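**Student:** Sharing a model that was predicted from the sequence below.
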Amino acid sequence: MAINKHIQRDLQQTSKIFDNRSLANDYRHLTQILKSGMNVLDVGCGTGSISKDIAKIVGENGKVTGIDNAENFILSGQESYKKCTNLQLIHIDLFEYNSEEKYDLIVSARTLQWLSNPKEALIKMKSMLKPDGQISILDYNHTNLNWNPLPPESMQEFYKTFLKWRQDAGMNNEIAEDLPNLLEEVGFYSIEKINSDEHYNQEIPDYKSKMGIWSKVASSKQMVEEGYLNNELRLKAIEEYDNWIGTLAISMTMKLNEVRGNI
């Protein structure tokens with residue numbers, strides 16, 4: 001799967017974030033279409049934390065296969081969820097993955113945002129569905145992030161640079177809004193877009209951790225090394241943003257859509 005080479009090293013730092021994800025909190029509407037006995041493929045499964053929750057719902061007569069091209073994620077998940085007997089986690093690229101069996105449902109959460117060829121990925125997924133199969137893609141519109149109040153200018157500048165870096169690398173910052181058209185273009189029908197925004201405020205237990213996602217993003221030196229910003233600004237953004245979270249921050253909303261289609 002054509003995850004841009006620029007973000008490979010950064011992905012190595014995020015397995016803990018993935019481990020903290022769950023179906024209920026991080027793919028909350030998917031339960032509407034999960035049924036006992038389903039055969040499900042999870043593309044870009046990370047460590048499999050959401051995959052294992054799907055496996056619990058489809059039950060012993062169902063099966064979940066999770067694939068990811070980051071080996072450390074898969075190894076972590078294989079160890080963490082080894083007691084989940086109807087879950088298989090495989091280290092492989094989507095475009096190299098070939099299965100003799102077809103799937104009732106293919107899901108992919110927060111993965112297409114990292115691809116320079118999302119349309120080709122959707123075509124590949126469509127080829128692996130049963131004739132009456134369904135797809136569900138969950139992803140962001142990074143151009144519509146809402147902070148209340150606005151964070152320090154250093155983080156605002158970092159975020160603008162982050163969007164430009166992604167765009168220059170061929171990634172779609174508005175993939176969540178473009179997904180319905182993309183699914184239609186590759187032959188899906190009965191397309192449905194479901195708002196799945198992530199809203200964080202001081203009432204949730206892990207508020208500071210969730211708000212702090214952008215400090216974690218800024219902890220990477222990738223954009224400095226590629227000449228997009230200087231290291232002084234990067235460090236300033238982290239320090240001032242962390243202070244903002246502890247003092248002035250009220251909430252943050254990350255715009256997210258789940259888009260479904262049938263064949």
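**Tutor:** Yes, it's here.

**Student:** buried set for the helix or strand where Gln134 lies?
**Tutor:** Counting by DSSP states H and E, the element that carries Gln134 is strand 129-140. Going by neighbour count (16 or more other C-beta atoms under 10 Å), the buried part of strand 129-140 is Leu129, Gly133, Gln134, Ile135, Ser136, Ile137, Leu138, Asp139, Tyr140. For the C-beta atoms, the positions are set from N, CA and C on the backbone; glycine is no exception.

**Student:** tell me the contacts of the third one?
**Tutor:** It refers to Gln134. Ile33, Asp104, Leu105, Ile106, Arg260, Gly261, Asn262, Ile263 (C-beta atoms under 8 Å, 6 or more residues apart in numbering).

**Student:** and the fourth one, what are its bridge partners?
**Tutor:** I take that to be Ile106. Per DSSP bridges, the residues bridged to Ile106 are Leu41, Ile135.

**Student:** would you list the contacts of Gln134 in CSV and tack on secondary structure?
**Tutor:** As requested, these are exported to CSV (DSSP: H, G, I helix; E, B strand; the rest coil):
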residue, secondary structure
Ile33, helix
Asp104, strand
Leu105, strand
Ile106, strand
Arg260, strand
Gly261, strand
Asn262, strand
Ile263, coil
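
**Student:** I'd like to know which of those residues are buried.
**Tutor:** For these, buried by 16+ other C-beta under 10 Å: Asp104, Leu105, Ile106, Arg260, Gly261, Ile263.

**Student:** Walking through the stretch 1-150 of the chain, point out its helices one by one.
**Tutor:** Using DSSP state H, counting those that start in this stretch, the helices found in the stretch 1-150 of the chain span residues 8-11, 15-19, 23-26, 49-58, 71-80, 118-127.

**Student:** which of these sits most buried?
**Tutor:** Comparing those by mean neighbour count (mean count of other C-beta atoms under 10 Å), helix 49-58 comes out on top with a mean of 22.

**Student:** Figure out which of the helices of the stretch 1-150 of the chain is closest to Leu41.
**Tutor:** helix 118-127 (7.7 Å; C-beta to C-beta).

**Student:** contacting residues around that closest one?
**Tutor:** 1-2, 41, 43, 94-95, 106, 108, 112, 115, 135, 137, 172, 175, 182-183, 185-188, 263.

**Student:** Quick one, which of those residues are buried?
**Tutor:** By 16+ other C-beta under 10 Å, the contacts of helix 118-127 give 1-2, 41, 43, 94, 106, 108, 112, 115, 135, 137, 172, 175, 182-183, 186, 188, 263 as buried.

**Student:** So which of these belong to strands?
**Tutor:** Leu41, Val43, Ile106, Ser108, Ile135, Ile137 (DSSP state E).
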